[in-house]
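Q: Sequence unavailable; structure follows:
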């Protein structure tokens with residue numbers, strides 16, 4: 001069987017990287033496509049995953065997104081028409097969904113983000129099956145055109161797919177010149193170019209910058225601070241605001257390993273917040289809109305603390321660092337117990353894919 005995987009984000013590099021390996025180990029042929037996007041390009045290279053780059057990221061504007069998507073559909077259609085895969089799998093990729101529908105290829109979409117309404121509306125109606133964590137009710141997906149019969153739920157959050165066999169690599173610390181014996185606070189900036197955050201944030205208007213300033217001002221000897229940007233524009237802004245006080249990696253690093261060794265993680269997105277929480281790292285979410293369904297689940301399980309006000313986030317960080325050993329021990333035990341109840345989402349996909357033919 002030929003399986004086409006479309007990989008668009010860092011999360012998908014991990015998730016579909018694992019899925020592709022499993023499918024190939026079972027004798028299937030896997031063809032991977034991606035688009036030009038800084039973090040994905042670097043992460044694919046770092047993980048030695050070969051993917052054909054088709055098209056580009058559309059940037060922050062609606063017009064840019066539309067133009068890039070339209071161009072990519074045309075480019076992909078030529079590539080995929082020659083390949084003639086038996087099935088396509090993507091994480092809410094409008095281009096993969098449209099090309100698959102146009103070429104009569106069964107399309108499976110994976111989605112844990114109903115708050116991203118634009119891509120859900122563009123992909124779910126064209127999919128044969130929708131895969132989603134069971135914490136998201138089937139009812140949520142009905143408004144996007146999903147029938148109950150097409151929805152396959154798994155009792156897990158998506159990061160479990162790559163964290164089940166994860167072994168932290170301490171080399172990330174030397175790569176960033178960090179001292180594991182000293183407190184370390186890691187920030188992940190928001191997805192400034194996402195359609196669901198348009199008008200709320202931008203590369204110039206970040207929710208994390210005031211929090212970082214507050215943390216620096218609250219400590220006579222501030223902890224080690226690492227800020228993980230998504231786009232080149234964010235790197236420029238962050239380095240202008242923090243020329244010396246924080247570490248801002250120029251290139252993509254081993255995110256899961258860094259999160260494992262982190263004292264406190266502050267996330268303005270979704271995937272790394274879930275990763276950190278499931279690794280048992282003390283985690284604070286400052287996501288700039290209402291909590292997502294996945295975030296609400298993690299808050300309910302007491303794996304994530306939710307706060308947006310800079311002074312309150314800084315105070316919470318201080319409280320955690322003052323009792324770090326006890327807090328970390330408690331969080332890792334909670335995470336371990338919750339992970340033990342979750343199934344492997346990758347295996348669910350493999351069985352469904354193989355069951356199609």
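A: Noted; the coordinates are in hand. The structure displayed is predicted, hence computed values, not measured ones.

Q: most remote residue from this protein's center?
A: Note on the chain: the largest C-alpha distance from the chain mean falls to residue 220, namely 33.7 Å (C-alpha atoms, centre = their mean).

Q: low-confidence ranges in the stretch 201-350 of the chain?
A: In the predicted model of the stretch 201-350 of the chain, residues 201-205 satisfy pLDDT under 70.

Q: Show me which positions of the longest helix seen in the chain end up buried.
A: Looking across the chain with DSSP state H, the single longest helix is helix 62-83. Buried residues in helix 62-83, counted by 16 or more other C-beta atoms under 10 Å: 65, 68-69, 72-73, 75-77, 80, 83. From N, CA and C alone the C-beta is placed, and that goes for glycine too.

Q: same thing with stretch 147-167?
A: Neighbour-count burial for stretch 147-167 [16+ other C-beta under 10 Å]: 150-154, 156-164, 166.

Q: now residue 128, nearest residue through space, not along the chain?
A: residue 106 (4.6 Å; C-beta to C-beta, 6 or more residues apart in numbering).

Q: by contact count, what packs against the longest helix of the chain?
A: Packing partners of helix 62-83 (3 or more C-beta pairs under 8 Å, 6 or more residues apart in numbering; DSSP states H and E): strand 2-6, strand 29-36, strand 52-56, helix 94-102.

Q: residues near residue 146, how many?
A: Here the number of neighbours of residue 146 (other C-beta atoms under 10 Å) works out to 22.

Q: Please look at it and residue 129 and confirm they touch.
A: No - between residue 146 and residue 129 there is no contact under C-beta atoms under 8 Å: 9.4 Å.

Q: for the helices and strands packed on helix 62-83, which one sits closest to residue 284?
A: The closest of the helices and strands packed on helix 62-83 to residue 284 is strand 29-36. By C-beta to C-beta, the value is 31.2 Å.

Q: what are the pairing partners of the very next helix or strand once past the longest helix of the chain, and which direction each?
A: Using DSSP states H and E, the helix or strand that follows helix 62-83 in sequence is strand 87-90. Strand 87-90 has the following sheet partners, assigned by DSSP bridges: strand 2-6 (parallel), strand 107-110 (parallel).

Q: Closest one of the buried residues of helix 62-83 to residue 326?
A: Relative to residue 326, the closest of the buried residues of helix 62-83 is residue 65; by C-beta to C-beta it sits at 45.7 Å.

Q: Quick check: the closest residue to the closest one other than its chain neighbours vs residue 33, distance?
A: Among residues not flanking residue 65 along the chain, residue 58 sits closest, at 3.6 Å (C-beta to C-beta, 6+ apart). Noted for residue 58: a distance of 16 Å to residue 33, by C-beta to C-beta, to the nearest Å.

Q: These two: which is more packed in?
A: residue 33 (26 against 21).

Q: I'd guessed that one sits against residue 3; true?
A: No - at 11.7 Å, residue 33 and residue 3 do not qualify as touching, with contact defined as C-beta under 8 Å.

Q: circling back to that earlier point, can you redo the helices and strands packed on helix 62-83 as JSON lines with mean pLDDT and distance to residue 244?
A: As requested, the helices and strands packed on helix 62-83 are arranged in JSON lines below (pLDDT from 0 to 100; distance: least, C-beta to C-beta, whole Å):
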{"stretch": "strand 2-6", "mean pLDDT": "98", "distance to residue 244": "40"}
{"stretch": "strand 29-36", "mean pLDDT": "97", "distance to residue 244": "32"}
{"stretch": "strand 52-56", "mean pLDDT": "95", "distance to residue 244": "34"}
{"stretch": "helix 94-102", "mean pLDDT": "98", "distance to residue 244": "42"}
